[in-house]
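> Any chance you could fold what I've pasted below:
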Amino acid sequence: MTDLIRDRRESGPVDAACVAAEAAARTAGVDIRLLDSVGELEAVRRLYERIWRTGENNPPVTADLLRAMAKAGSYVSGAFDGDEMVGACFGFFSPPAREALHSHIAGVSARVQGRNVGFALKLHQRAWAMPRGVNEVCWTYDPLIRRNAYFNITKLAADPAEYLPNFYGPMDDDINRSDDTDRILIRWRLGSPGVEAACAGRPRASDARAELARG
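Alright, predicted model coming up:
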């Protein structure tokens, strides 16, 4: 992952984040790199279409939008198993004073589920964000999908922050079409001790009752 090696400092949290990201990618058996070419961004669009089963006329994101985001300095990455793109993630910056990145979509091909490719993508995103002054990455997830809750709260040690009823409105894909798009906003505080431990392979213990008590 030469894009992270270029950003690496000699020591400190950024270096540790890069080391953790590279270890996660090796464990998952993928190469993760930043994307900016039209061909690569078209591959992201096609991958998302397959994951969310939207069809070509209703993609979750278009290649031209990803191209503009990459040019503007936002985060767009892909995970590759050999020559095949098996995962992708992109996000854009919040207002400068927030020192935050909003991670809009991350998805992994069903063929490699169980290999921790999604974990490797998020650690790559963290290692990319920290040297750019980002302290927090936010995103939303469907509270009805338990594996997503476990991944976000336990495996990444991110914190649920807000419940968002029908946040996106109607969405025309095979996953969301029949439901309201209720979401939970999650905040991933990149330098917190819990997140550092989770990225080093020590996930946070989770307690559903305690989370309910916290609201």
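
> Measure how far stretch 31-45 is from the centre of its chain, please.
Centre-to-centre, stretch 31-45 and its host chain are 15 Å apart (Cα atoms, centre = their mean, to the nearest Å).

> Please save the CA atoms from it in CSV.
This file holds the C-alpha atoms of stretch 31-45, laid out as CSV (Å, rounded to 0.1, in the frame of the first residue of the first chain):
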residue,chain,number,x,y,z
ASP,A,31,-4.1,-4.9,-1.8
ILE,A,32,-5.8,-1.6,-1.0
ARG,A,33,-5.0,1.5,-2.9
LEU,A,34,-6.4,4.9,-3.6
LEU,A,35,-8.3,5.2,-6.9
ASP,A,36,-8.5,8.1,-9.4
SER,A,37,-8.6,6.7,-12.9
VAL,A,38,-11.9,6.6,-14.8
GLY,A,39,-11.6,2.8,-15.4
GLU,A,40,-11.1,2.1,-11.7
LEU,A,41,-14.0,4.4,-10.6
GLU,A,42,-16.2,2.7,-13.2
ALA,A,43,-15.3,-0.6,-11.5
VAL,A,44,-16.4,0.9,-8.1
ARG,A,45,-19.7,1.8,-9.7
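
> mean confidence score for that stretch?
In this model, stretch 31-45 has a mean pLDDT of 96.

> Tell me which stretches of this protein form strands.
Applying DSSP state E to the chain gives strands spanning 31-34, 75-81, 84-93, 100-108, 136-141, 159-164, 183-189.

> which stretches of the chain aren't confidently modelled?
In the prediction, the chain carries residues with pLDDT under 70 at positions 1-2, 5-11, 173-178, 211, 215.

> same thing but at 90, please
Applying pLDDT under 90 to the chain flags residues 1-13, 52-60, 95-98, 143-145, 168-181, 205-215.

> The closest residue to residue 24 other than its chain neighbours: what's it in contact with?
Leaving aside its sequence neighbours, residue 24 sits nearest to residue 120 (Cβ to Cβ, 6 or more residues apart in numbering; 4.0 Å). To be clear about C-beta, it is placed using only N, CA and C from the backbone, and glycine gets the same treatment. Residue 120 sits next to 21, 24, 25, 27, 28, 30, 32, 79, 87 when contact means Cβ atoms under 8 Å, 6 or more residues apart in numbering.
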